[in-house]
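pasting a predicted model and its sequence here:
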2 protein chains.
Amino acid sequence: MKNPVYIKIVEDIRNKVNNGDLNPGDDIPSETALCKEYDTSRMTVRKGLAILMNEGYIYSIPGKGYFVEKPDFNKYTIYYDEMNNLINNVDNTKLLAVDIIMPPEDLAGNLQISKNKKVIMIRRLFYTDGEPMAYDIKYLLYEKGMPIVENEIEQATFPEMVSRNTSLYGLKKELLIYAKVPEEKTKKLLNIKGDLALLVVEQKLYDSKNKPMGLGITYFRGDYIKLQGISQ
Amino acid sequence: MKNPVYIKIVEDIRNKVNNGDLNPGDDIPSETALCKEYDTSRMTVRKGLAILMNEGYIYSIPGKGYFVEKPDFNKYTIYYDEMNNLINNVDNTKLLAVDIIMPPEDLAGNLQISKNKKVIMIRRLFYTDGEPMAYDIKYLLYEKGMPIVENEIEQATFPEMVSRNTSLYGLKKELLIYAKVPEEKTKKLLNIKGDLALLVVEQKLYDSKNKPMGLGITYFRGDYIKLQGISQ
DNA sequence: GAGTGGTCTAGACCACGTT
DNA sequence: ACGTGGTCTAGACCACTCG
């Protein structure tokens, strides 16, 4: 029971919001009112309110006050690692090819480059217990000093490939997730005999200035992957 | 150039981390050192450091100091709304059936209830431009006072169904995303003639005490849905 | 014991909204 | 003019880590 005062404030208000005593749009007592209510200083009250703002429970309008935020129903956090997912892990990889290509129109547009800028294309297979479970294509903008060494590429994750030069921090990433029926070529590569759906994950990397650095497309056998998302 | 001092501190340290001047594990100058460096008070320094902690850039160990956090590569934020996605929106729904069932073993386990606790099963179709694009099944624990009124259910989103009694805030939610080949029954419902993959999204809702409140399974036609994830 | 972060105080000045 | 939140100060005491 030696909790800091600001934690008490956070819990009180959070509980009131959670059980409906406070509803979205309602206003919260002012800082000075809370100072009196909890017999504490303004900075302590502000510390509690700052936490509630970070948690998305409330927001403030200077000159007006604090108000209850409307919850963000549809927001989830998902951890995506091309080598590991909820039901399967990659235990082996095979480098199929590394090519320098002139990007076709859609790829050039996707990477926001002109069509005469060369692109590195890396194709790999991911294995589990000797079975191919994913076919992976990466397109990377060629940068000077980028080491195209086979055994460095083979085991690398997409951010790892790109981050040899730049820090891992500035990177922005984008995922696109959809389902697709495999083409014949892909069925052969993934050793698919009957009917099987693919889960396709496109991964796009941007540098800190929002310039695309690469595009990855991974075709997972539908029976080897589940992605998990968690709210809050 | 009238930025608050703590913003300047945040930006300086964030930049040092982003461009590699500071690396994961490195220690940050102490609060008192930063007070001198920026000629400001300790609370102002602490405000800046608190922001960097919230952003996941640094962490603190009482009695030791502040250190650079290692980045969370694989974390993405995804917005999932069963009625709206990146490439398509639902403009009409059809309620197929509402049934009270005794849960089969796997469902009872999933909802953490005994097999003789009744469950409401709701089946719907989602339409876009007159075409069925998703088949949706919801399993809800029956709660007293839950209004099973057809026209209330028909248009409701999963959290909306559950949140008639409880607040929307306490809810925890979990997604499971995978790809699947449709069964014959599903192909008929979704008017699928040739080969088409399904994107399946399972959505599980928990109350604030982590007790499951319901399970939803939505089978999307693969050509009607793309989910998007964004880093940080 | 010296240095660190964690909590807290009792003031201050400012920009902003409302009346 | 007054109340609101945003920034900031110059102290304080505590618990912790480390030499």
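Looks like it arrived, so ask away.

output the lowest mean pLDDT helix or strand found in chain A.
The helix or strand of chain A with the lowest confidence, counting by mean pLDDT, DSSP states H and E, is helix A:150-153 at a mean of 64.

which bits of chain A sit near DNA strand D?
When proximity is defined as C-beta under 7 Å from any atom of the strand, chain A approaches DNA strand D at A:28, A:30-33, A:42-43, A:46, A:60-66. C-beta: built from backbone N, CA, C; applies to glycine.

6 Å - rerun?
Those residues of chain A that sit near DNA strand D, judged by C-beta under 6 Å from any atom of the strand, are A:Ser30, A:Glu31, A:Thr32, A:Ala33, A:Met43, A:Arg46, A:Ser60, A:Pro62, A:Gly63, A:Gly65, A:Tyr66.

kindly identify which of these also come near chain B.
Counting by C-beta under 8 Å from any C-beta of the partner chain, A:Met43 from the residues of chain A next to DNA strand D sit close to chain B.

can you put the residues of chain A next to DNA strand D in TSV and add secondary structure, neighbour count and pLDDT?
Converted to TSV, those look like this (DSSP: H, G, I helix; E, B strand; the rest coil; neighbours: other C-beta atoms under 10 Å in any protein chain shown; pLDDT from 0 to 100):
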residue	secondary structure	neighbour count	pLDDT
A:Ser30	coil	13	96
A:Glu31	helix	16	97
A:Thr32	helix	10	96
A:Ala33	helix	12	96
A:Met43	helix	12	97
A:Arg46	helix	18	97
A:Ser60	strand	16	97
A:Pro62	coil	5	95
A:Gly63	coil	5	95
A:Gly65	strand	14	97
A:Tyr66	strand	21	98
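
hmm, which two among the residues of chain A next to DNA strand D are most spread apart?
For the residues of chain A next to DNA strand D, with distances taken as C-beta to C-beta, the pair at the greatest spread is A:Met43 and A:Gly63 (19.5 Å).

can you name the residues in contact with stretch A:13-25?
By C-beta atoms under 8 Å, 6 or more residues apart in numbering or on different chains, the list of residues contacting stretch A:13-25 from outside reads A:28, A:48, A:52, A:55, A:57-58, A:67-71, B:167, B:169-170, B:208.

buried sites along it?
Neighbour-count burial for stretch A:13-25 flags A:Ile13, A:Arg14, A:Lys16, A:Val17, A:Asn18, A:Leu22 (criterion: 16 or more other C-beta atoms under 10 Å in any protein chain shown).

hey, where'd the strands end up in chain A?
Applying DSSP state E to chain A gives strands spanning A:27-28, A:58-61, A:65-68, A:75-79, A:92-101, A:119-128, A:131-141, A:172-180, A:198-206, A:212-221, A:227-231.

and the second one, which strands flank it?
Read it as strand A:58-61. Paired with strand A:58-61 in the same sheet, following DSSP bridges, are strand A:65-68 (antiparallel).

list of residues touching the strand it pairs with?
Contacts to strand A:65-68, defined as C-beta under 8 Å, 6+ apart, come from residues A:17, A:22-28, A:30, A:49, A:57-61.

closest to B:Asp136 out of those residues?
The shortest separation between B:Asp136 and any of the contacts of strand A:65-68 is 26.6 Å, and it belongs to A:Pro24 (by C-beta to C-beta).

next, give phi and psi for the closest one.
Comment: the main-chain dihedrals of A:Pro24 come out as phi -50, psi 130, following degrees, to the nearest 10.

how near is it to A:Leu205?
Between A:Pro24 and A:Leu205 the distance is 36 Å, computed by C-beta to C-beta, to the nearest Å.

could you do A:Val68 as well?
In this structure, A:Val68 and A:Leu205 are 37 Å apart, going by C-beta to C-beta.

which one of the two has more residues nearby?
Just comparing A:Val68 and A:Leu205: by other C-beta atoms under 10 Å in any protein chain shown the higher neighbour count belongs to A:Leu205, 24 against 20.

bridged to the more buried one, which residues?
On the basis of DSSP bridges, A:Leu205 takes part in beta bridges with A:Lys173, A:Gly214.

quick check: domain ranges of chain A?
Per the record, chain A has its domains at A:5-68, A:77-231, by automatic domain parsing.

gap between the two ends of the longest one?
Across its full length, domain A:77-231 reaches 6 Å end to end, with C-alpha to C-alpha, to the nearest Å as the criterion.

and for stretch A:57-76?
16 Å.

residue contacts, A:Gly214?
Shown in contact with A:Gly214 (C-beta under 8 Å, 6+ apart): A:Leu111, A:Lys138, A:Tyr139, A:Leu140, A:Leu141, A:Phe158, A:Met161, A:Val162, A:Lys204, A:Leu205.

what is the lowest-pLDDT residue among these?
Looking at the contacts of A:Gly214, model confidence by pLDDT dips furthest at A:Val162: 70.

any idea how far A:Asn3 is from it?
44 Å.

mind checking which of these two has more residues around it?
A:Val162 (24 against 9).

is A:Leu111 in contact with A:Lys138, as I believe?
No. With contacts defined as C-beta atoms under 8 Å, A:Leu111 does not count as touching A:Lys138, sitting 11.6 Å away.

which residues are common contacts for these two?
Between them, A:Leu111 and A:Lys138 share the contacting residues A:Gly214, A:Leu215, judged by C-beta under 8 Å, 6+ apart.

with neighbour numbers in mind, choose between the two.
The neighbour count for A:Leu111 versus A:Lys138, taken as other C-beta under 10 Å, is higher for A:Lys138 (24 against 20).

which residues does that one form beta bridges with?
When A:Lys138 is checked against DSSP bridges, its beta-bridge partners turn out to be A:Ile122, A:Gly216.

A:Val162 is in contact with that one, correct?
No. Applying C-beta under 8 Å, one finds A:Lys138 not in contact with A:Val162, separated by 9.1 Å.

can you get me a residue count around A:Asp12?
When neighbours are defined as other C-beta under 10 Å, A:Asp12 has 15 of them.

cool, A:Gly56 as well?
When neighbours are counted by other C-beta under 10 Å, A:Gly56 comes out with 14.

for it, give me its contacts.
Taking C-beta under 8 Å, 6+ apart as the test, what A:Gly56 contacts is A:Glu69, A:Pro71, A:Asp72.

can you pull the phi and psi angles for it?
Summarising the backbone geometry of A:Gly56 under the convention degrees, to the nearest 10, its torsions are phi 80, psi 10.

would you mind measuring from it to A:Pro71?
7 Å.

A:Asn85: what's it in contact with?
By C-beta under 8 Å, 6+ apart, the neighbours of A:Asn85 are A:Phe220, A:Ile225, A:Lys226, A:Leu227.

same question but for A:Phe126, I mixed them up
By C-beta under 8 Å, 6+ apart, the residues touching A:Phe126 are A:Glu82, A:Met83, A:Val90, A:Asn92, A:Thr93, A:Pro132, A:Met133, A:Ala134, A:Tyr135, A:Asp136, A:Thr218.

count residues in the vicinity of the first one, would you?
Here the neighbour count serves as a burial measure; for A:Glu82 (other C-beta under 10 Å) it reads 21.

just the second one next, same as before
The number of residues packed around A:Met83, counting by other C-beta under 10 Å, is 18.
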